[in-house]
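Colleague: next input, structure requested:
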Amino acid sequence: MEKNTHAGQAIVDSLALHGVNRVFAVPGESYLAVLDGLHGADIETIVCRQEGGATYMAEAHGKFTGEPGVAMVTRGPGAANAYVAIHAAWQDATPMVLFVGLIPVADRMRESFQEFDPNAWFGTQAKRVFVLDEASRASEVVAEAFFAAKSGRPGPVVVGLPEDVITHEFVGDLHPVITVAEGAVSSAELELITTALSGAEKPVIFVGGQRWTPAAAAAVTAFAEANGIPVVQDWRASDRIPFHSGVFVGALGYGRTGDTAQIFAEADVLLAIGAVPTDVPTDGYTLRQSPQATNILVNIDSSLRGRSGAVTAHILASPVAFADAVKDLRLGKAAHWDSWRAAGRAAQAAFSTLPDLAALPATREGTGHMSAVISELVRRLPQDAVYSFGAGNHCAWAQRYLPTNVFPSQLSMRNGSMGYSVPAAVAASLQSPERLAVAIAGDGEFLMNGQEFATAVQHGAAMLIIVMDNGQYGTIRDHQEHHFPGRVSGTQLTNPDFAAFARAFGGHGETVTSDDHAAIAVERSLKAVQDQRIPAIIHVITDPQIALP
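Modeller: Numbers count the residues shown, from 1 in each chain. Prediction:
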């Protein structure tokens, strides 16, 4: 259909063509024509309070749906605030598209107001950087941006929008969606996998990365369970195989158990699906680095970016393509691997069992155990709850105890970026309001983007946030005590009343200062979230001397 309108409208129409149902934005005068295009569109504009929060929401949307999350920010300071999520999406291989308003074309290279070079800023941390210099190419650039964000190893794409160009007339057809290839497993490659696994004494499947779907996760789970092959999951990607599956033997990375690391290292055949043995799962390039190791990597990234160790075979296929190829593959050796699998499963089951609170060390007066709150929460969780968390010691409870039984159900930062938990929970609640969204945050982590609680209230996102308040940047304090014992410096915090913070924004707030408060605080907060449809915060004041579960 012929269009005769400005380029900002063509961008919005193209987003709709790509199935975008919401964008996360902090408005700016540099992209007013796009905001005009969104007026009356069937795309919800989520008005955020800071660009870091908006772009984290877009990144979380990309993880949660597999489709690029879309953020819109203004030039200069706005783009700078957005950079953190671009870096996170780059390292986590998350599809997202960031639209950045720019100065008018005529003002370039004159040190004009908020001028910056998009390629210089984002070129090393984005898959592609586009600058729209011709209004006639507006729809084409959107299509190319979405293709780049989704194809191969997913990642972030930045689109610069000069404020004058997007007001120019757009004439022509919208560019069609560009299909993304899933790759394939050839008959020879399927035979290679079959032969390697059939001859193995200690096989392991290693899963993670992007390009998964609920159907692919279910099919890979069925393949592993039918064949009795233990599965190790990548760090903060622990939702590809159900938490309670008999083949799930733990996750790698920070907070992993020695048993999981040993299984990963000792396996005589490793079949990696979506994941690659990068820095964190290999304990800083120390696990499974032998040139003689048998590692079959199933990955749609032709460059295998981030991998380490031997590559016996690289099969260029997404988890979707792989799942289709092996759905009927039965090796007939499940019983042979019983003891290998059972030992790993028993260790993981013991590790993820909620603690006996009576056996925990006593806390100072006026503080409670984080484990008490998590225990009360787990007893009340629906099967399909979705969890978000950022970075810090508080993540240990989320990774260890929260049951990820469906895909997707874990949204986190594999690059250790803080401030993610609240925006991610907002994005998940907006996308799937029928599911309970739970954010686990530390006191330092929460206040990096806690203002997006206002966004949740404004746009009807209802999530439960548990804030662990130990009055410090706990992870750094732990490192400090290890390297410079007794010399605390630069890690202590003075915090507000987080429950009052929630109420001030129109949400529900609870404070836990002893284990006796945990049950009623969780019960009332869940009622607020699930029945009243308002966000809630449980402020858990903990003893700073008790760092981890």
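
Colleague: now the stretch 1-150 of the chain, which segments are flagged as low pLDDT?
Modeller: The stretch 1-150 of the chain contains residues with pLDDT under 70 at 1-4.

Colleague: is residue 388 located within a strand, as I assumed?
Modeller: Yes: assessed with DSSP: H, G, I helix; E, B strand; the rest coil, residue 388 lies in a strand.

Colleague: just give the number of residues close to it.
Modeller: For residue 388, the count of nearby residues is 31 (other CB atoms under 10 Å). Glycine gets a C-beta too; all of them are placed from N, C-alpha and C.

Colleague: so what's it up against?
Modeller: Taking CB atoms under 8 Å, 6 or more residues apart in numbering, we find residue 388 in contact with 60, 411-412, 420-422, 424-425, 428, 437-440.

Colleague: okay, and the beta partners of it?
Modeller: On the basis of DSSP bridges, residue 388 is bridged to residue 411, residue 439.

Colleague: excluding sequence neighbours, find me the nearest residue to residue 420.
Modeller: Nearest non-adjacent residue to residue 420, counting by CB to CB, 6 or more residues apart in numbering: residue 390, 3.9 Å away.

Colleague: the one you found: neighbour count?
Modeller: 30.

Colleague: coming back round to it: scan the contacts of residue 388 and report the most crowded one.
Modeller: Busiest of these [other CB under 10 Å] is residue 421, holding 37 neighbours.

Colleague: reformat the contacts of residue 388 as TSV; add distance to residue 394.
Modeller: Output for those, formatted as TSV (distance: CB to CB, whole Å):
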residue	distance to residue 394
60	18
411	15
412	11
420	12
421	9
422	13
424	14
425	14
428	18
437	17
438	12
439	10
440	6
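
Colleague: related to what we said a few turns ago, what sits against the residue nearest to residue 420?
Modeller: Applying CB under 8 Å, 6+ apart, we find residue 390 in contact with 412-413, 417-421, 441-442, 445, 448.

Colleague: by neighbours, which of those wins?
Modeller: The most crowded member of the contacts of residue 390, judged by other CB under 10 Å, is residue 421 (37 neighbours).

Colleague: any weak-confidence spans in the stretch 351-500 of the chain?
Modeller: Applying pLDDT under 70 to the stretch 351-500 of the chain flags the ranges 471-472, 474, 477.

Colleague: how about the helices in it?
Modeller: Assigned by DSSP state H, counting those that start in this stretch, the stretch 351-500 of the chain shows helices spanning 370-378, 395-401, 421-431, 443-449, 453-459, 474-483, 498-504.

Colleague: can I get the ones you listed in JSON lines with distance to residue 282?
Modeller: Compiled in JSON lines, those are given as follows (distance: least, CB to CB, whole Å):
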{"stretch": "helix 370-378", "distance to residue 282": "29"}
{"stretch": "helix 395-401", "distance to residue 282": "18"}
{"stretch": "helix 421-431", "distance to residue 282": "26"}
{"stretch": "helix 443-449", "distance to residue 282": "26"}
{"stretch": "helix 453-459", "distance to residue 282": "37"}
{"stretch": "helix 474-483", "distance to residue 282": "20"}
{"stretch": "helix 498-504", "distance to residue 282": "37"}
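
Colleague: where's residue 301 relative to residue 154, distance?
Modeller: Between residue 301 and residue 154 the computed distance is 9 Å (CB to CB, to the nearest Å).

Colleague: neighbour count: those two, which is higher?
Modeller: Using other CB under 10 Å as the criterion, residue 301 and residue 154 rank with residue 154 on top: 27 against 23.

Colleague: quick one: residues contacting the closest residue in space to residue 66 that isn't next to it in sequence.
Modeller: Nearest residue to residue 66, sequence neighbours excluded (CB to CB, 6+ apart): residue 213, at 6.3 Å. Shown in contact with residue 213 (CB under 8 Å, 6+ apart): 66, 319-320, 407.

Colleague: ok, back up a step: mind listing the shared neighbours of residue 301 and residue 154?
Modeller: Counting by CB under 8 Å, 6+ apart, the residues touching both residue 301 and residue 154 are residue 93.

Colleague: what residues of the helix or strand that contains residue 60 count as buried?
Modeller: For residue 60, the element it lies in under DSSP states H and E is helix 51-65. The neighbour-count check on helix 51-65 (16 or more other CB atoms under 10 Å) flags 51-65 as buried.

Colleague: residue contacts, residue 524?
Modeller: Taking CB under 8 Å, 6+ apart, we find residue 524 in contact with 508, 510.

Colleague: the same query, at a cut-off of 10 Å, please.
Modeller: Shown in contact with residue 524 (CB atoms under 10 Å, 6 or more residues apart in numbering): 508-510, 536, 538.
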